[in-house]
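> could you work out the structure for the sequence below:
(one chain, ligands or ions: 1)
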Amino acid sequence: MTSVDAGQTARSAEHIALTERYAAHNYHPLPVVLTDGEGAWVTDVEGRRYLDCLAGYSALNFGHRPPRLVQRAREQLDRLTLTSRAFHNDQLGPFAHALADLTGKEMVLPMNTGAEAVETALKVSRKWGYRAKGVAPGEATIVTMRGNFHGRTTTIVSFSDDEVATADYGPFTPGFRSVPYGDLAAAAAAFDDSVVAVLFEPVQGEGGVVLPPDGFLRGLRELCTERRVLMVADEIQSGLGRTGRTFACDHEGVVPDVYVLGKALGGGLYPVSAIAADTDVLGLVTPGSHGSTFGGNPLAAAIGHEVVAMLRTGEYQERARRLGERLERGLTRLVGRGLDAVRVRGLWAGADIDPRLMTGRAASEALLALGVLAKDTHGSTVRFAPPLTISEDEVDLLVDRLTTVLDEAA
Ligand SMILES: *Cc1c(COP(=O)(O)O)cnc(C)c1O
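Numbers count the residues shown, from 1 in each chain. Now for the predicted structure:
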């Protein structure tokens, strides 16, 4: 028994039991029941406070309930929330313009969740392949990377190599070809005339914050240009400030053909996603050929527009860069002292716990008992992605708590 279980009172237990009884078990949450959040901190039903170092898988890059976004959402809630795209609304145009500017692309297509944005990118890439590249009907192939995470739809899990995520969900969607992450030669070998796009994460987040080898993004860009293949960057988790740049592709000065965005685009208030591309790609979308009842709704557009405005200042990217260096220094000191390895890009770290000490899950539970929320991935890795608004002291607190957990397990 961890101290969390021991200290759990009847109130937490009751909420957990109710959730377990009536909500399907598609997650295995840490045993904490949250009620309130402000900035980087959340409070549980017992009144205990925790530093949130997961930040909704980077949907909460600006922290919990950032006042500027809450204010903008409130104003919009009092005016208009949904029109459907059967009519225009006065929020979508300005949001689309701002997001196109931020990405440097000519157009955007708004959706809601990340998976829908990925689906949109896949559909539009295939269409581009047939209409612009001249691929034979029904032959379009999309290259993906092993260890990927792009969402949960039937088509998206078709190219996942996570057995838990795919078991019993077949038959799967054909038309995908997978290569090892970061392997440029393998990508080049996989690019035949049927290939319309390569879908990749500039940093594999769910995979454990896996960084591509230096030069991989640039090499992939050159390869895509040379072979006329769309470079589709899933920046749903890596984008919008997390890595210290607006997009993780910026680290190699690379501009993909299609950006896939989500998570932080809704500021943690609301699901907002989009893809951004030039008109040679997005201009192929015609009325009725794709859509979403909620995509581009005025509430989503108002929030998304404010998020883009916040990113325009560069303040969050700068914080991620500066605080990320501090996090990296702190975590690197623990390598050989309970950690096997750390990978850091901006304010985003994957820390591999020495499996002889404890599992990632056990480390996350021990951190929870010390007031830090983080989540394990792939057995022995713990991921840290706190809100970009945290202070230097809070970064130190995170490192300090992890040190305690590792020391106590040694
Ligand atoms: C979270 C995530 C998705 C899926 O987003 P949802 O909003 O959960 O559908 C897709 N790609 C990446 C890289 C992600 O991190």
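> going forward, measure contacts and count neighbours with C-alpha atoms only.
Noted.
> contact partners for residue 129?
The contact partners of residue 129, by C-alpha atoms under 8 Å, 6 or more residues apart in numbering, come to 135, 140, 195, 196.
> and the stretch 151-300 of the chain, which residues reach the ligand?
151, 201, 234, 236, 237, 263 (C-alpha under 6 Å from any ligand atom).
> pull the most distant pair out of those.
201 and 263 (14.1 Å; C-alpha to C-alpha).
> least confident secondary structure element in this structure?
In the chain, the helix or strand scored least confidently by mean pLDDT, DSSP states H and E is helix 3-7, which has a mean of 48.
> could you export the helix or strand following that one as PDB, CA atoms only?
Moving toward the C-terminus from helix 3-7, the next helix or strand (DSSP states H and E) is helix 10-22. Extracted as PDB, the C-alpha positions of helix 10-22 are listed here (Å, rounded to 0.1, in the frame of the first residue of the first chain):
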ATOM      1  CA  ALA A  10     -14.100   8.100   2.400                       C
ATOM      2  CA  ARG A  11     -14.900  11.100   0.100                       C
ATOM      3  CA  SER A  12     -12.200  10.200  -2.500                       C
ATOM      4  CA  ALA A  13     -13.100   6.500  -2.300                       C
ATOM      5  CA  GLU A  14     -16.800   7.300  -3.000                       C
ATOM      6  CA  HIS A  15     -16.000   9.300  -6.100                       C
ATOM      7  CA  ILE A  16     -13.600   6.700  -7.400                       C
ATOM      8  CA  ALA A  17     -16.100   3.900  -6.800                       C
ATOM      9  CA  LEU A  18     -18.800   5.800  -8.600                       C
ATOM     10  CA  THR A  19     -16.600   6.500 -11.600                       C
ATOM     11  CA  GLU A  20     -15.400   2.900 -11.700                       C
ATOM     12  CA  ARG A  21     -19.000   1.600 -11.400                       C
ATOM     13  CA  TYR A  22     -20.500   3.800 -14.200                       C
END
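> what residues of helix 10-22 count as buried?
residue 12 (16 or more other C-alpha atoms under 10 Å).
> okay, now the unreliable bits of the stretch 1-150 of the chain?
For the stretch 1-150 of the chain, the stretches with pLDDT under 70 are 1-8.
> hey, where'd the helices end up in it?
3-7, 10-22, 55-58, 67-77, 92-103, 114-128 (DSSP state H, counting those that start in this stretch).
> count of residues packed around the nearest residue to residue 127 once chain neighbours are set aside?
Distance criterion C-alpha to C-alpha, 6 or more residues apart in numbering; nearest residue to residue 127, sequence neighbours excluded, is residue 284 at 7.4 Å. Using other C-alpha atoms under 10 Å, residue 284 has 14 other residues around it.
> does residue 284 really touch residue 128, like I thought?
Yes. The criterion here is C-alpha atoms under 8 Å, and residue 284 meets it with residue 128 at 7.1 Å.
> and the closest residue to the ligand within the stretch 201-350 of the chain, what element?
In the stretch 201-350 of the chain, no residue comes nearer to the ligand than residue 237, which is 4.3 Å away by C-alpha to the nearest ligand atom. Secondary structure assignment for residue 237, by DSSP H and E: no helix or strand.
> what's the burial count for it?
By other C-alpha under 10 Å, 29 other residues sit near residue 237.
> circling back: of the contacts of residue 129, which belong to strands?
195, 196 (DSSP state E).
> emit the PyMOL select command for whichever of the contacts of residue 129 are buried.
Applied in PyMOL, the following selects the buried portion of those according to 16+ other C-alpha under 10 Å:
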select buried, resi 135+140+195+196
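> closest to the ligand among the contacts of residue 129?
residue 196 (19.4 Å).
> so what's the closest one up against?
125, 126, 128, 129, 133, 135, 140, 141, 142, 228, 229, 230.
> and the residue in the stretch 301-410 of the chain that the ligand sits nearest to, how many neighbours does it have?
Minimum separation of the stretch 301-410 of the chain from the ligand (C-alpha to the nearest ligand atom) falls at residue 385, amounting to 11.9 Å. Using other C-alpha under 10 Å, residue 385 has 28 other residues around it.
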